[in-house]
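Visitor: Predicted coordinates and the sequence they were generated for:
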Amino acid sequence: MGKKIGWIGLGHMGLPMAKNLYNAGYEIDVWNRTLEKAKESGLPYKKELTELIQEKDIIITMLFGSESVTDLYSKILQTGVNIKGKLFIDMTTIHPKTAKKIAENLIKEGADFLEAPVLGSVIPAQKGILTIVVSGDREKFEKNKDIFEVLGKEIFYMGDYGIASTMKLINNTVLGSFMAVLSEAFAFAKKVGIEPDLALSVLENGAGKSLVLDAKKKKLLDEDYSTHFSVGLIHKDLTYALDLAHENQYPVFLTSITHELFSSAKAHGLEKDDFCAVLEIFKKLSNID
Ligand SMILES: NC(=O)c1ccc[n+]([C@@H]2O[C@H](COP(=O)([O-])OP(=O)(O)OC[C@H]3O[C@@H](n4cnc5c(N)ncnc54)[C@H](OP(=O)(O)O)[C@@H]3O)[C@@H](O)[C@H]2O)c1
């Protein structure tokens, strides 16, 4: 295959994605801020970020959000490694402003950049069936589509920098609000004494039918908040979405409420739990066990 990839970020999404590229035969090494995760990944890893940047032609980042991406790319530029001709791909969900800034900084140094956030969660990441939205130079995208095809099933080229991140955030306004309304409905049914399994079975064959309910039905029933997509992450995405909406003078009524709900979930110490833990907020509000 010939492409030498450096993968940065081994969180819930980064690890299965990097594994898929490794299993597809790419010459990949990983690096993670917390070195233990790289050691435990079972993948070839580098201890030093500089070494990874030096050796690889393509560097892919999958971090938390704008702050971590800005921080990491500053570190990359500070390594002093000549990055001319290298391709950087960021797959983190970040603010479109951050994507544009990173692109500008890298292009100034003669490197290329693709912004490629993903839709779907841990299980689609494991199966290599994510949806990926990509911004940046079309030719670079076409030349490296093979990488996206290993990680995802539906791949959309979106155009100029910022558009992919914007679309990703718009998607997550739907995701957050769906999760919130499903949790509200589930707690409502419980409150009025409808058997939980029955309530969710009716919803999944009625207005609640959705990817979100398919993914979260069992977790809601079991109150299993083990993390696939954390409260902290959806809160971050909704914060960016609100900022973008305000900037564009676009009123987002539902997203604002959903954002407040996830703020409350964070305030209740649920930040690291799966975002279906927003159910706990509805339970507390209506005094359900
Ligand atoms: N989880 C999902 O279902 C899902 C779905 C679609 C999109 N996304 C997006 O994909 C991205 C990754 O999500 P995730 O669930 O994998 O997140 P995660 O489990 O929280 O992992 C975050 C990763 O970022 C690293 N990191 C954080 N701050 C850093 C910094 N300042 N410098 C270097 N590394 C840093 C962490 O390193 P340490 O190990 O050292 O902490 C970790 O490897 C997020 O932008 C998220 O919004 C997630």
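Guide: The structure has been received and is ready for your questions.
Visitor: biggest helix in the protein by residues?
Guide: If you go by DSSP state H, the chain has its longest helix at helix 163-191.
Visitor: Run the contact check for that helix versus the ligand.
Guide: No. Helix 163-191 is not in contact with the ligand by CB under 6 Å from any ligand atom; minimum separation 7.7 Å. (Each C-beta comes from the backbone N, C-alpha and C, glycine too.)
Visitor: next structured bit after that helix?
Guide: helix 196-204 (DSSP states H and E).
Visitor: From Val133, how far out is the one residue in the chain that gets nearest to the ligand?
Guide: Residue of the chain nearest the ligand, by CB to the nearest ligand atom: Gly11 (1.9 Å). According to CB to CB, to the nearest Å, Gly11 and Val133 sit 19 Å apart.
Visitor: before we move on, what about Ser256?
Guide: Using CB to CB, Ser256 is found at 24 Å from Val133.
Visitor: of these two, who's got more company?
Guide: A side-by-side neighbour count of Ser256 and Val133, using other CB atoms under 10 Å, places Val133 first with 22 against 15.
Visitor: Name the SS class of the more buried one, please.
Guide: Val133 carries the three-state label strand when classified by DSSP: H, G, I helix; E, B strand; the rest coil.
Visitor: go on, Ile5?
Guide: Secondary structure, three-state DSSP: Ile5 is strand.
Visitor: Show me what it bridges to in the sheet.
Guide: Applying DSSP bridges to Ile5 yields these beta-bridge partners: Ile28, Ile58.
Visitor: check contacts around it.
Guide: 21, 26-29, 56-60, 147 (CB atoms under 8 Å, 6 or more residues apart in numbering).
Visitor: related to what we said a few turns ago, and the residue of the chain closest to the ligand, helix, strand or coil?
Guide: Using three-state DSSP, the structure places Gly11 in coil.
Visitor: any idea of the pLDDT on it?
Guide: Gly11 is assigned a pLDDT of 98 by the prediction.
Visitor: what residues are up against the residue lying closest to it once chain neighbours are set aside?
Guide: Computed as CB to CB, 6 or more residues apart in numbering, the closest residue to Gly11 that is not its neighbour in sequence is Met62, at 6.9 Å. Met62 is in contact with 7-9, 11, 13-14, 17-18, 90-92, counting by CB under 8 Å, 6+ apart.
Visitor: which of those residues tops the neighbour count?
Guide: Result: Trp7 is most packed of these (other CB under 10 Å), 32 neighbours.
Visitor: Flag every residue of this protein that's near the ligand.
Guide: 9-14, 32-34, 37, 62-65, 68, 71-72, 92-93, 118, 121-122, 228-229, 233, 237.
Visitor: From the residues you listed, which land in helices?
Guide: By the criterion of DSSP H, membership of the residues of the chain next to the ligand in helices covers 14, 37, 68, 71-72, 122, 233, 237.
Visitor: Mark which of those residues are buried, thanks.
Guide: 14, 37, 72, 122, 233, 237 (16 or more other CB atoms under 10 Å).
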